[in-house]
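Student: I'll drop the sequence and a predicted model, then ask my questions.
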Amino acid sequence: MSKIKPYKNSDLGKKEQVTKMFDTISEDYDGLNRVISFGIDIKWRKKVVKIVKESTPETILDIATGTGDLAINLAETNASKIVGLDISSGMLEIGKEKIKKKSLESKIDMVLGDSENMPFEDNSFDAITVAFGVRNFETLENGLKEIFRVLKPNGTFVILETSIPSKMPYKQGYKFYTKNILPLIGKLFSKDRSAYKYLCESASVFPYGEALNNILRKIGFINVEDFPQTFGVATIYKSSK
C-alpha cells in the first residue's frame, strides 16, 4: 500500500494532524461536501442507510461521524441507539447542533474518541458504518481490527469511501477534477488551504475495490462485497462478522 503523505509538514503524527485539520474546517465541511460532490454524497449515504436497515439493528456505531450526517440519516433504521464517534471535537460540536435541531438527542450520542482505540466493549454493536473516514485512520488495519472487535457476531459493517474510476473517460475526468478543481474549491472556500489537498492525495493512494476487500477478509470479515457508485468515484463496501 502506498504511504499517504502527511497533511502538512509537521512534527505531529498523522492522527494529530488530521484532528487539527477537521477542527479547522468543521464550519465549512458540510457546505464544501455538497459543492465538491455536486450533492451526490447525499444519495450515497441513503444507500448505506438502506443496506444497514435490512439487518434491523438495535445499536449502530458511526465511526468518523464528523458533523453527523450519516448518524442522523441512520435514525431512519429505527435503531434504538446510534453512537457517532469522531476524533475532532470541532466536527462533533457542529453535529450536536444538527442533532438538537432535529430533536434526536435521545437516539444519537456523539462521542469524542479514537477509532483505533475505541471506548467500547467487545461485541457492542449490531451495525457499524464509516463514511469517508477509513482513509484517515493512522493505521488502516488497526482501525479495522478495532471495528471487528466491537461489532457483534453476524453484525453488519458498511464503508462508504472514495475510489478511482477504472473506465475511460471517467478515469481521466476524475483525475483532472481531483488534481485541479477540488483543491481550488477548497482554497477558495475553506480556512485551511492544505486540507483539501490532503484529502485528494489520500484518496488517490488509498486501496479500493478488491484491494480493500482483501484487507477486510484478512482482518476476519466475511461476506465481503463492494458496490461502485457514480462511475466508480465512490464505493460502498458491505461485510459481516
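Tutor: Perfect, thanks for sending it. Quick caveat: nothing in here was measured; it's all calculated off a predicted structure. Numbers count the residues shown, from 1 in each chain.
Student: What residues of whichever strand or helix holds Ile99 count as buried?
Tutor: Taking DSSP states H and E as the definition, Ile99 sits inside helix 89-101. Buried residues in helix 89-101, counted by 16 or more other Cβ atoms under 10 Å: 90-92, 94-96, 98-99. For the C-beta atoms, the positions are set from N, CA and C on the backbone; glycine is no exception.
Student: cool, stretch 100-118 as well?
Tutor: 107-108, 110, 114-116, 118.
Student: Inside strands: which ones of these?
Tutor: Judged by DSSP state E, the subset of the buried residues of stretch 100-118 located in strands is 108, 110.
Student: Pick out whichever of the buried residues of stretch 100-118 sits closest to Gly39.
Tutor: Using Cβ to Cβ, Ile108 comes nearest to Gly39 of those, at 23.0 Å.
Student: For the closest one, which non-adjacent residue is spatially closest?
Tutor: Using Cβ to Cβ, 6 or more residues apart in numbering and skipping residues adjacent in sequence, the residue nearest Ile108 is Ile82, 4.7 Å away.
Student: All the helices of the chain, in order from the start?
Tutor: Secondary structure of the chain, counting by DSSP state H: helices at 14-36, 40-53, 69-73, 89-101, 140-150, 170-176, 182-189, 195-205, 210-219.
Student: show me what contacts Lys107?
Tutor: The neighbours of Lys107, taking Cβ atoms under 8 Å, 6 or more residues apart in numbering as the test, are 75, 79-82.
Student: make it 10 Å
Tutor: By Cβ atoms under 10 Å, 6 or more residues apart in numbering, the contact set of Lys107 is 60, 71-72, 74-75, 78-82, 99.
Student: Repeat that for Asn154.
Tutor: Asn154 neighbours (Cβ under 10 Å, 6+ apart): 55, 126, 222-223, 240-241.
Student: Mind doing that once more with 7 Å?
Tutor: Contact partners of Asn154, counting by Cβ atoms under 7 Å, 6 or more residues apart in numbering, are 240-241.
Student: Check what pLDDT it gets.
Tutor: The model reports Asn154 with a pLDDT of 97.
Student: if we can go back for a sec, separation between the residue nearest to Ile108 and Lys107?
Tutor: 6 Å (Cβ to Cβ, to the nearest Å).
Student: For the two, list the residues in contact with both.
Tutor: In contact with both Ile82 and Lys107: Ala75, using Cβ under 7 Å, 6+ apart.
Student: Correct me if wrong: Ser124 contacts Val150.
Tutor: Yes - assessed by Cβ atoms under 7 Å, Ser124 is found in contact with Val150 at 4.8 Å.
Student: what angle sits between the longest strand along the chain and helix 140-150?
Tutor: Using DSSP E, we find that the single longest strand of the chain is strand 151-162. Angle between the axes of strand 151-162 and helix 140-150 is 140 degrees (criterion: axes from the mean of the first three to the mean of the last three Cα atoms, to 10 degrees).
Student: Just give the nearest non-adjacent residue to Val130, would you?
Tutor: In space, Val130 is closest to Ile63, 4.6 Å off (Cβ to Cβ, 6+ apart).
Student: do you know how far the one you found is from Gln172?
Tutor: Using Cβ to Cβ, Ile63 is found at 33 Å from Gln172.
Student: So which of those two has more stuff around it?
Tutor: Neighbour count, other Cβ atoms under 10 Å: between Ile63 and Gln172, Ile63 has more, with 28 against 10.
Student: For that one, give me its contacts.
Tutor: Listed by Cβ under 7 Å, 6+ apart, the contact set of Ile63 reads 85, 115, 128, 130, 133, 147.
Student: Perfect, that will be all.
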